[in-house]
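Novice: Predicted model, plus sequence, below.
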Amino acid sequence: MYVFIIMLLSFFFINSAYAIDLEDIIKRSNQAVYFKGDSFKSKIEIINKIKNGSESNLEFLFIRKDNKDDIKQKLYIEFLSPIDMTETKLLVDNYRVKTYFPSFEMVKDLNFQDKHKSFFGSSFSYEDIIGFNPENYRKELLKNTDRQYIIKLTPKVPEGNLKYFISYIDNINLMPKKMVFFDNDGKIYRKKTIETIKAIDGYRTATEIKVIDYNKKQTSFLYLSNVEYDQDFPDNLFQLK
């Protein structure tokens with residue numbers, strides 16, 4: 001009996017030592033995509049391809065500066081094209097989004113429920129561009145293989161059409177190589193994949209991302225260029241003038 005108890009306790013402590021911390025994995029995976037370096041600057045192009053053969057594109061300047069917090073950041077986004085969106089700006093502070101439309105001299109706050117909606121007509125959502133707050137999701141490990149963690153994330157508070165999404169995270173570099181999004185009927189409506197990763201200034205950087213929107217029958221490709229890390233940006237850049 002004594003030997004059995006020792007074996008049982010040994011089994012418990014060995015498995016506890018190797019227990020998977022989902023909060024830590026998601027936090028580090030989020031950092032792998034959105035929080036490398038103290039700051040980040042890039043030109044971003046999104047090309048939208050619709051099933052009927054038509055095509056459109058967006059170009060914008062994207063600047064990120066850390067708030068010296070693991071899950072908070074400041075973002076500045078300024079559109080370069082198309083022409084009717086030139087100088088439209090998005091300012092993000094701790095996931096709160098303000099959009100400035102110069103043609104109307106109007107500032108609009110993004111509603112919490114809208115962050116899963118299309119980012120200016122693309123297959124990307126606002127959350128795909130500005131990042132997501134892991135604290136807003138419940139996590140469940142579906143599978144752990146020798147290559148990846150497969151984790152289900154469900155909003156703690158209902159968020160529009162999103163019921164949950166599944167993230168396929170590389171267990172070496174913690175990049176979320178694929179995310180599959182399910183609607184309130186349990187059907188897949190979007191899929192996001194990281195297509196290309198490059199080392200830039202010593203940081204592994206996702207330079208090409210693809211999103212398929214099955215409802216819109218549209219595929220969008222995001223490309224990064226002119227990437228710079230760890231530059232000094234003034235705080236007033238992230239404030240409405």
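Specialist: Happy to help now that I have it.
Novice: Below-threshold pLDDT in the protein: ranges please.
Specialist: Where the chain drops to pLDDT under 70, the residues are 1-19, 67-72, 112-113, 241.
Novice: Output the longest strand belonging to this protein.
Specialist: Using DSSP state E, we find that the single longest strand of the chain is strand 55-69.
Novice: Can you point out the buried residues in the helix or strand following it?
Specialist: The helix or strand immediately downstream of strand 55-69 is strand 72-81, counting by DSSP states H and E. Of the residues in strand 72-81, 73-80 count as buried by neighbour count, 16 or more other Cβ atoms under 10 Å. For the C-beta atoms, the positions are set from N, CA and C on the backbone; glycine is no exception.
Novice: what pairs with strand 72-81, and is each one parallel or antiparallel?
Specialist: strand 55-69 (antiparallel), strand 89-93 (antiparallel) (DSSP bridges).
Novice: Can you say which of these is packed in most?
Specialist: Ranked by mean neighbour count, the strands paired with strand 72-81 are led by strand 89-93 with a mean of 19 (mean count of other Cβ atoms under 10 Å).
Novice: Going C-terminal from it, what's the next secondary structure element?
Specialist: Taking DSSP H and E, what comes next after strand 89-93 is strand 96-101.
Novice: hang on, the earlier thing: how about the strands paired with strand 72-81, which one is nearest F221?
Specialist: strand 55-69 (9.4 Å; Cβ to Cβ).
Novice: Quick one: residues in contact with the closest one.
Specialist: Outside strand 55-69, the residues that touch it by Cβ atoms under 8 Å, 6 or more residues apart in numbering are 34-35, 38-49, 72-82, 85, 93-94, 120-122, 129, 233, 235, 237-238.
Novice: same thing but 6 Å
Specialist: 38-42, 44-49, 73-81, 120, 233 (Cβ atoms under 6 Å, 6 or more residues apart in numbering).
Novice: just stretch 121-132 next, same as before
Specialist: Contacts for stretch 121-132 (Cβ under 6 Å, 6+ apart): 34, 46, 48, 75, 92, 115-116, 119, 211, 213, 218, 220.
Novice: Going by distance to I200, which of the residues you listed wins?
Specialist: Once Cβ to Cβ is applied, the member of those that ends up nearest I200 is Y34, at 14.8 Å.
Novice: show me the contacts for that closest one.
Specialist: Contact analysis of Y34 by Cβ under 6 Å, 6+ apart lists G131.
Novice: Pull up the gap between the spatially closest residue to I77 that is not a sequence neighbour and K163, please.
Specialist: Distances taken as Cβ to Cβ, 6 or more residues apart in numbering put L90 closest to I77, at 4.0 Å, once the chain neighbours are dropped. The gap separating L90 from K163 is 26 Å, by Cβ to Cβ, to the nearest Å.
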